[in-house]
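Peer 1: sequence? don't have it. structure:
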């Protein structure tokens, strides 16, 4: 049975998620170079016993304890995979909500697919590398970090947005196939989704991308995900963990029926799926609210459909995600 909730219904059952909020710590670490990657930075948010203060992190002012002590105990871990050309800190609102509720959050900056260097955008290499980054981030935090003694290794989840949603599903057992992407883009000349650009310029090659399934991942949350690579029959048969699918009603970047709909139909166990349509949301509505001075420079990623309040939604989004993970990571 598939569970589909309207947004306001979910809010009714999540009202108490922030009743015992912790202070939030912030730190940075690096995933070391390996045969899988040249290494990359990772931001960390976590519950802390230290006193926070307002600090500037990039364009944001946050009330956090920089390098604060981790709250004693074992905490669930959430890895956040950002969208193409994006920043890990663009999901700081959700990360702070999670940390306030006792979660440790690792936010890798995907190499060569971020706001500073986007040279691998849309490439087979990027689709191949991104799931590996998630596994490497988990490895680092469990094996080579001061945080490892505070992480409950039986309670690990991945949160992904856009191509980060693809990466989350691939790391959980999904098999990508660029042949399906190529076919859809060639057969739909009016489709303007960004992943079609490499198809139309001839740089996309046919490749099956079978990532190593990371069995440590116990749940996945995907927001406006790129799902077009999973349209081959059976692509999602090995995804056997709970999935929360959050769809943007007015998404004009990653459109349907080629993405979230493909994942929703392809997951083998519909009892493990919760699908929520966010009314009036655009593709970038899942990003944090940006300071006004930055919005003209950011353009589309700072914009929402008329009538949509991103700041209010970010609070509700954090509540939904916290409540969901508390329910499935038991």
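Peer 2: Looks like it came in fine. On a predicted model such as this, the values are computed, not experimentally measured, just so you know.

Peer 1: gap between the longest strand out of those in the chain and the chain center?
Peer 2: Ranked by residue count, the top strand of the chain under DSSP state E comes out as strand 151-161. Relative to the chain's own centre, strand 151-161 is displaced by 11 Å; criterion: C-alpha atoms, centre = their mean, to the nearest Å.

Peer 1: strand partners of that strand, parallel vs antiparallel please.
Peer 2: Using DSSP bridges, strand 151-161 pairs in its sheet with strand 75-81 (parallel), strand 217-223 (parallel).

Peer 1: mind putting those strands in CSV, mean pLDDT, mean neighbour count and distance to residue 104 included?
Peer 2: Every C-beta, even on glycine, is put in place using the N, C-alpha and C of the backbone. Shown next, in CSV, are those (pLDDT from 0 to 100; neighbours: other C-beta atoms under 10 Å; distance: least, C-beta to C-beta, whole Å):
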stretch, mean pLDDT, mean neighbour count, distance to residue 104
strand 75-81, 99, 27, 5
strand 217-223, 99, 25, 14
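
Peer 1: Residue 91: which of these is closest?
Peer 2: Of all those, strand 75-81 sits nearest to residue 91, with 5.2 Å by C-beta to C-beta.

Peer 1: Show me the contact partners of the closest one.
Peer 2: 46-47, 88, 91, 94-95, 98, 102-108, 110, 130, 133-134, 137-138, 141, 150-153, 155-161, 164-165, 167-168, 325, 329 (C-beta atoms under 8 Å, 6 or more residues apart in numbering).

Peer 1: need the next SSE after that strand, C-terminal direction.
Peer 2: For strand 75-81, the following helix or strand on the C-terminal side (DSSP states H and E) is helix 92-100.

Peer 1: Going by residue numbers, what spans are strands in the protein?
Peer 2: 3-6, 23-31, 40-48, 53-57, 60-66, 75-81, 104-108, 151-161, 175-177, 208-210, 217-223, 243-248, 273-278.

Peer 1: nearest to residue 195, of these?
Peer 2: Across the strands of the chain, closest to residue 195 is strand 175-177 (C-beta to C-beta), at 11.4 Å.
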